[in-house]
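K.L.:
Need the 3D shape of this:
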Amino acid sequence: MLRPWQFEIQLDKKIEKALYLQIADAIINAVKSGKLSSGTALPGSRQLAALINVNRNTVILALEVLIAEGWLVTIDRKGTFIADIVPQINSSAKNPKQISPAVEDHKINLTFDDGLPDSRLAPMNDLASAYREIFNRKSRWQVMGYSSELGNLEFRKAIIQMLNFKRGMNVSLSQICITRGSQMGMYLAAHCLLSKGDLVMIENPGYKPAWQAFENAGAGLLPVSVEVDGLSMNEVEDYLKTHANIKAIYVTPHHQFPTTVPMSLKKRLKLIELSNQYGFTIIEDDYDNEFHFGQRPLLPISSYNNVRHYIYIGTLSKIVAPALRIGFAVSSAENIQKIACHRQIIDVQGDNIMEEAVLHLINEGKIKRHLKKTNLIYKAKRDYFESLCALHLKDKITFNKPEGGLAFWIVPKKEINIQYIYQELLSKGIKIMHPEKFSFGSPVSGFRLGYASLTEQELEQGIIALSKCL
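P.N.:
Residues are numbered from 1 along each chain as shown. Below you'll find the model as predicted:
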């Protein structure tokens, strides 16, 4: 491995400061000045000792200091590197550090994502067959032209049927727009509803990409705490009484992101009551409705007959494959027309061919069979992950076994140094989501660990490593 070394370390043996501390300070100064950047590989201890003409043990002492302070990380069988997250100067060990760009992919052996499906299970053969079927049609030229900015007509009808039959909704053709994934749906909803100076209530902890869409539309954010049964309705009411310009609330009630808790029926009804009273819109992100392991999933808030102001956002990307961006937004006909107008500015139409291909899988019953198979696989993985937590983390964490979704939320029983745990796992080639990624303000003391995309061996390896850190 090539290890560039672009600066010299000048040692002064006449001063009282120990040589190993002079070496450590020189490397720290090089990081601060940008001469050494995150991910840079250091020479081996022998090579470095030869370069600066000192005993190897002196170099080892210097490296141990830098590793302990978080300036360096070691990766088994690869070497020592400048940390991807360097300490803030004069900060307390308990204070969270700022995150610089993520560690390079080739250094990571195992990633606990935020709850992605296993892409190895994606029905790629069926999808490829559907594409071939489309291009073999005599009328294939029809899918090559422009289509509606709302999406393929027949595909919209199929999604409407799914929503009305499976999720208890009452959607008509004028109330739905197909999008390139749920994030586009979020962006369009934000620009449909919000103007500069408006306020949006958000779950805290919650989903930052949605927050960014709201802020991009000019809105300010009001964080609401998440309790064991969903949002704090007391905080919601307090905001409504003191802020006249609240236009929306963003919620993930099916399995709250990131904590996985479902919103209770009592709180759902209260939220609808407040929405109707104050006129704000409920933006409901139902990002993983299809993955549930009980009798049936909770019905969306948007399915209730008395809800007046809502935008419901969903996705098929997790069902088919995350790389295929297929989402949808459902709302009043008036809102959907506004969404369509905004959509035309950034994307004249959706992916008509992909929508036709997925429609073919739906009509052939292949999506239904795929979901049935994958839910069984994910349920088994969930149960295995629970057993690993019980075996290796029983005395160190608390967690609730989720009835759906593809992630666990675990909370350490004692106060922890989040940054230390994150960095220590990185040094072992294991990446987790830093709590800063879903916190409004200070990072919460909890970890969201997606289990579906990992093998049983990887799950065990990751949990054992986490156990040693806690």
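
K.L.:
Might one say that residue 26 is in contact with residue 17?
P.N.:
No. The criterion here is Cβ atoms under 8 Å, and residue 26 misses it with residue 17 at 11.2 Å. In short, each C-beta sits where N, CA and C put it, glycine included.

K.L.:
Counting neighbours, go ahead and name the busier of those two.
P.N.:
The neighbour comparison of residue 26 against residue 17 (other Cβ atoms under 10 Å) goes to residue 26, with 16 against 10.

K.L.:
Now that one. Nearest residue, chain neighbours left out?
P.N.:
Distances taken as Cβ to Cβ, 6 or more residues apart in numbering place residue 9 nearest to residue 26, at 4.4 Å, with adjacent residues excluded.

K.L.:
With residue 186 instead?
P.N.:
Distances taken as Cβ to Cβ, 6+ apart put residue 213 closest to residue 186, at 4.6 Å, once the chain neighbours are dropped.

K.L.:
Quick check: which element contains the one you found?
P.N.:
helix 208-216 (DSSP states H and E).

K.L.:
which other residues reach that helix?
P.N.:
183, 186-187, 189-191, 194, 200, 202, 221, 248, 250, 283, 285, 437-438, 440 (Cβ atoms under 8 Å, 6 or more residues apart in numbering).

K.L.:
Output that helix in PDB with nothing but the alpha carbons.
P.N.:
C-alpha atoms of helix 208-216 as PDB (Å, rounded to 0.1, in the frame of the first residue of the first chain):
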ATOM      1  CA  LYS A 208     -33.000  14.600   8.300                       C
ATOM      2  CA  PRO A 209     -33.400  14.400   4.500                       C
ATOM      3  CA  ALA A 210     -37.100  15.300   5.000                       C
ATOM      4  CA  TRP A 211     -36.100  18.200   7.200                       C
ATOM      5  CA  GLN A 212     -33.700  19.400   4.500                       C
ATOM      6  CA  ALA A 213     -36.600  19.400   2.000                       C
ATOM      7  CA  PHE A 214     -38.700  21.600   4.300                       C
ATOM      8  CA  GLU A 215     -35.800  24.000   4.900                       C
ATOM      9  CA  ASN A 216     -35.100  24.200   1.200                       C
END
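
K.L.:
and the next element down the chain from that helix?
P.N.:
strand 220-227.

K.L.:
and that following strand, which strands flank it?
P.N.:
According to DSSP bridges, strand 220-227 forms sheet pairs with strand 199-204 (parallel), strand 230-231 (antiparallel).

K.L.:
what sits up against the first one?
P.N.:
Judged by Cβ under 8 Å, 6+ apart, the contacts made with strand 199-204 from elsewhere in the structure are 194, 210-211, 214, 219-226, 231, 236, 239, 243, 245-252, 256-257, 280, 283, 439-441.

K.L.:
Does anything pack onto the lowest-mean-pLDDT helix or strand in the chain? Which helices or strands?
P.N.:
Lowest on mean pLDDT, DSSP states H and E among the helices and strands of the chain sits helix 317-320, with a mean of 80. The contact analysis (3 or more Cβ pairs under 8 Å, 6 or more residues apart in numbering; DSSP states H and E) places helix 317-320 against helix 366-392.

K.L.:
Let me know the next secondary structure element after the helix it packs on.
P.N.:
For helix 366-392, the succeeding helix or strand toward the C-terminus, using DSSP H and E, is strand 397-399.

K.L.:
could you dump the strands paired with strand 220-227 to CSV with mean pLDDT and mean neighbour count?
P.N.:
Below are the strands paired with strand 220-227 laid out as CSV (pLDDT from 0 to 100; neighbours: other Cβ atoms under 10 Å):
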stretch, mean pLDDT, mean neighbour count
strand 199-204, 98, 24
strand 230-231, 94, 26
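
K.L.:
I'd like to know which of the ones you listed lies nearest to residue 60.
P.N.:
For the strands paired with strand 220-227, proximity to residue 60 was assessed by Cβ to Cβ; strand 199-204 is nearest, at 44.2 Å.
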